[in-house]
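Participant: Coordinates for the following, if possible.
(2 chains)
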Amino acid sequence: MAASAKQERSRLGRNEAIWGYLFIAAPLIGFLIFAAGPLIISLFLSFTNYDLFTSPRWAGLDNWQQALSLTFAEVPQRLDEETGERIFRCGRTDVPASQVPELEGTYDERLRQEITCSPLYGRPRESLPSGYSPWFEFMIGERSFVVGATDPILWQGMFNTVFLMLGIPISLAISLGLAMALNQGIYFTNFFRLIYYMPTILPIAATALIWLWIFNPDFGLLNYALGTRINWLQNADMVKPSLIIMGIWGGLGYQMLIYLAGLQGVPRQLYEAAEIDGANTWQKFRFVTWPSLTPTTFFLLITSMIGGFQNFVQPFIMTQGGPGRASTTVVMSIYDNAFRDLQMGYASTQAWLLGAIIMLITVINFSLARRWVFYETDTAS
Amino acid sequence: MKSKLLVLVLVILALSFPSAAQEPVRLKFVGWGGPEEGSVFQTLVESFNANNPDVIIEYQQIPLDYVPTLTTSIAGGTPPDIAYIPDGDFAAFVSRGQLVSLQALVDASDNFDPDGVWPSSLGRYRWDPATKSLGAGDIYALPKDIGPTVLYINEDLFEAAGVPLPDPSVPMTWDDVVEIGTLLTVDVNGNNPDDPDFDPDNVQTFGVGDLWFEDIVYSNGGRIISEDGRTFAAADDQNTIDAIQWLSDLNHVYRVRPNQQQLASISYGQLFESGRVAMTVNGRWGVTGYRNILDFNWSVRPIPVGPSGEVTSYNNQDDCTFSGWSGSVGLAIIAGTPGEQNAELAYRFIEFIAGAEGQIEQAALGFQIPNQVEVAMTDAFLQPDQEPDNAQVFLEAARCQLPGPWTQTPLYGQWFDENFWRGLWLDVVVDNTQLAVDAFADRADAFQSGLDEAWASLDN
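Facilitator: Sure, this is the predicted structure:
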């Protein structure tokens, strides 16, 4: 009797297991075909040259070397070949240092401006080993240096991508503030939630076009409100802050919603206990609200950072990565290599590189999380 | 009952069989363009289909992302049979073996005479697979058109400033442009750029609008790449360097052109159309729109020439008074399609569009210069009853102007776009942080190695 019941149960269990496997089979097969397959193929392609039309050719580590090689060198001052004197540029003419005093400050009729002189340096590219292009130059005192890379666009893209992620902490702070304000039960709470959530459901392409007008230097809302004439998107120094502003606006609603959900989950009795202990508003936030919200913050931080590394649509629509390469992101570099230049192999290398970086940052985030994220089940420490 | 059915089947078979034997070949033809161009081509296609019962051309427009769409449709195995191939992308398509040689068909044809076509347009569509060179060898596409560039001027602004109109038969010099540009550039307080009180941030009208760098370089005798397309020539060419520097000076020294910030809100085209720019370069395709929308008197002038006294013209013709860039679009058969199997039918259509009838039809709209010299010389193009009244300027431009460096080289985006538009142009003309001479010297190796890689990519 007992044995048959056990048999019956195991038969039932087997049955359920079959059904279980069948249910997970659909997404599993989907993953294998549409994600794992391309993933493995792109890893293979990252070691090849492939242009879509002819079959891939093995390239070994060439692509990886091209992506990662970095170097730096000093750019020498330009000297007169005969006298060894330093050469200066005054207006549009190059003169030895001894002639600088008589030219400096004179007026150039044709250029309609006062002449200024500055020392000349060599060509940055000539200071680098062959195959390397200048990524950026910098001065230390009177000496000039150049950092070179075999693919400066990728490195610049990496820098830009990380720079644009500076918006994440700002955005988290603002959305937490908004969530707490809306959690107070003020009037029109739902209306405000709708307003702040709107950017999340609007298509990015549409909001990007609206922001193009907001950022317009002549007729834009932003310059009008600030009373400035800032060229937001076409100035290499302003374009990244501009994109950060837009990114914060776009991410606010979603983050606020998650924070609101987190706030609902903070146990009331903790506030009561804190009040009985005489805690003020700041102390209640610092010792009750904030620790209770750390899992939410952690979740938002991780997902925002992963999304941040994959930043593409806004700069692609609004600036095409420009001016120059001032707002090109890593994914834009991948896109250009793949679909403009049809270098699928090299694009795959960049994609895997980006994937590895995201993985690494996520692992670091998780290991750091033990120090600051509290879960309710944690014992007080 | 059964026999009735049998009879019916037999009748249907009998009816369908003869027509099945003459089933016309269906060929898909794609192009881009606005609604006007679409309706012109729809009419042309219908007229062709009516006269050619053995083939049906199915016309389809790809209004956006034309080249990527065409590229992926070929890679995806669903290509059209006949397609527009812009001259700038011809090298990419032909070097990948995606176009069918038309040489034998052209040779066998009585309807299309390659010698009657502007040499500067047909020459762009030649390719020699053995030596991998462009501009020589078999013809792989017929020009749908040639689109030369000229200077459009707003005559009303000249009149208002009391400046006499420049002679339409003699190109202006750079000094003329600066002088006239200074008189016609006026800020909101009525000051010109040479007044000390001139307010460059609040300019009412600009003397100079768009000047395409190729126009200015070629009309100063400069080159961007060598004739065989293998060498980056600009860095050693003083005429080219001077031309780029002058373009920068127009903004930063003479202040007669809108700067990048002003252009963020309004394009050169919009500035000209709203009467705020006196002189601007545009292609022939601008005429159709201008006839409809411009509410001021306008006409065309040759591209201004530089101080070198030299002109880089197509095939180095020495009697050209000016030069510049001209664009063109080719019509080609895509390899590996039913169009290739029925190349004679596909070619018959291409020839029809590129031939006299198709060209007259297209020219009537004002879009383009007919690719055939004879047709272009007639009133079908010159249209003496319509603006601009000095259309002869376009003919000189069509004869002398040449394609851009992208037509003569593969992978243009990679070697040129990156170093020029995102590098040199930004530093010299937009931001004025570098002189042209330094910018070219700094990037000469980058241009050359990019160009070498582009050519090497064809050897794979």
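Participant: can we go C-alpha only for contacts and neighbour counts from here?
Facilitator: Will do.
Participant: How much space separates residue A:341 from residue A:51?
Facilitator: Distance, residue A:341 to residue A:51, by Cα to Cα, to the nearest Å: 8 Å.
Participant: Repeat that for residue A:37.
Facilitator: From residue A:37 over to residue A:51 (counting by Cα to Cα), the distance is 19 Å.
Participant: higher neighbour count, these two?
Facilitator: For residue A:37 versus residue A:51, neighbours defined as other Cα atoms under 10 Å in any protein chain shown are more numerous around residue A:51 (20 against 13).
Participant: The more buried one in helix, strand or coil?
Facilitator: Of the three states, residue A:51 takes coil under DSSP: H, G, I helix; E, B strand; the rest coil.
Participant: quick one: contacts for it?
Facilitator: A:342, A:343, A:344, A:345 (Cα atoms under 8 Å, 6 or more residues apart in numbering or on different chains).
Participant: Now do the phi/psi pair for it.
Facilitator: The phi and psi values for residue A:51, taken as degrees, to the nearest 10, are phi -110, psi 10.
Participant: Please, where are all the strands along chain B?
Facilitator: Remark: strands assigned in chain B by DSSP state E are B:25-31, B:55-61, B:82-86, B:126-128, B:133-134, B:138-139, B:142-143, B:147-154, B:186-187, B:203-208, B:277-283, B:298-301, B:326-327, B:329-333.
Participant: Report the secondary structure state of the residue nearest in space to the middle of chain A.
Facilitator: Closest to where the C-alpha atoms of chain A average out (Cα atoms, centre = their mean) is residue A:161, at 3.1 Å. At residue A:161 the chain is in helix, as set by three-state DSSP.
Participant: Can you verify my assumption that it contacts residue A:329?
Facilitator: Yes: under the criterion of Cα atoms under 8 Å, residue A:161 makes contact with residue A:329 at 5.2 Å.
Participant: quick one: low-confidence ranges for chain A?
Facilitator: By pLDDT under 70, the weakly predicted segments of chain A are A:1-5, A:376-381.
Participant: Who's the closest spatial neighbour of the residue in it positioned nearest to chain B, skipping the chain neighbours?
Facilitator: Residue nearest to chain B within chain A: residue A:324 (4.1 Å; Cα to the nearest Cα). Excluding its sequence neighbours, the residue lying closest to residue A:324 (Cα to Cα, 6 or more residues apart in numbering or on different chains) is residue B:422, at 4.1 Å.
Participant: Next: residue B:85.
Facilitator: residue B:330 (4.9 Å).
Participant: where along the stretch 101-250 of chain B do the helices fall?
Facilitator: B:103-108, B:119-122, B:155-160, B:174-184, B:213-218, B:238-252 (DSSP state H, counting those that start in this stretch).
Participant: Mean neighbour count, those helices: which tops it?
Facilitator: A comparison of the helices of the stretch 101-250 of chain B by mean neighbour count, using mean count of other Cα atoms under 10 Å in any protein chain shown, puts helix B:213-218 on top with a mean of 26.
Participant: elements contacting that helix?
Facilitator: helix B:238-252 (3 or more Cα pairs under 8 Å, 6 or more residues apart in numbering or on different chains; DSSP states H and E).
Participant: dump the residue contacts of residue A:266.
Facilitator: If you count contacts by Cα under 8 Å, 6+ apart, residue A:266 has them with A:289, A:292, A:293.
Participant: Now it, what are its backbone angles?
Facilitator: Here is the backbone geometry of residue A:266 (degrees, to the nearest 10): phi -70, psi 120.
Participant: Test my guess that residue A:108 contacts residue A:114.
Facilitator: Yes: using Cα under 8 Å, residue A:108 is in contact with residue A:114, at 6.0 Å.
Participant: got a list of what residue 46 touches?
Facilitator: With no chain named, the answer covers chain A. Contacts of residue A:46 (Cα under 8 Å, 6+ apart): A:63, A:64, A:344, A:345, A:346, A:347, A:348, A:349, A:352.
Participant: of the residues you listed, list those near chain B.
Facilitator: Subset of the contacts of residue A:46 in contact with chain B: empty, counting by Cα under 8 Å from any Cα of the partner chain.
Participant: Quick check: PyMOL command selecting the buried ones in the residues you listed.
Facilitator: Those of the contacts of residue A:46 that count as buried under 16 or more other Cα atoms under 10 Å in any protein chain shown are selected in PyMOL with:
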select buried, chain A and resi 63+64+344+345+346+347+348+349+352
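Participant: In helices, which of the contacts of residue A:46 fall?
Facilitator: A:63, A:64, A:344, A:345, A:346, A:347, A:348, A:349, A:352 (DSSP state H).
Participant: just those residues now: which is nearest residue B:27?
Facilitator: residue A:344 (31.2 Å; Cα to Cα).
Participant: Need phi/psi at the nearest residue to the closest one once chain neighbours are set aside.
Facilitator: Take residue A:344 and drop its neighbours on the chain: the residue closest to it by Cα to Cα, 6+ apart is residue A:338, 4.8 Å away. Main-chain dihedrals, residue A:338, degrees, to the nearest 10: phi -80, psi -50.
Participant: how far does stretch B:301-319 sit from the chain's center?
Facilitator: 19 Å (Cα atoms, centre = their mean, to the nearest Å).
Participant: Over to stretch A:261-269?
Facilitator: How far stretch A:261-269 lies from its chain's middle: 31 Å, per Cα atoms, centre = their mean.
Participant: Could you report the neighbour count for residue B:137?
Facilitator: 18.
Participant: give me the residue from chain B nearest chain A.
Facilitator: Among the residues of chain B, residue B:422 lies closest to chain A, at 4.1 Å counting by Cα to the nearest Cα.
Participant: Residue A:322 is in contact with that residue, correct?
Facilitator: Yes: between residue B:422 and residue A:322 there is a contact at 7.4 Å, judged by Cα under 8 Å.
Participant: And these two? Which one has more around it.
Facilitator: Neighbour count, other Cα under 10 Å: between residue B:422 and residue A:322, residue A:322 has more, with 20 against 17.
Participant: residues touching that one, list them.
Facilitator: Neighbours of residue A:322 in contact, by Cα under 8 Å, 6+ apart: A:234, A:236, A:328, B:422.
Participant: what about 7 Å?
Facilitator: Listed by Cα atoms under 7 Å, 6 or more residues apart in numbering or on different chains, the contact partners of residue A:322 are residue A:328.
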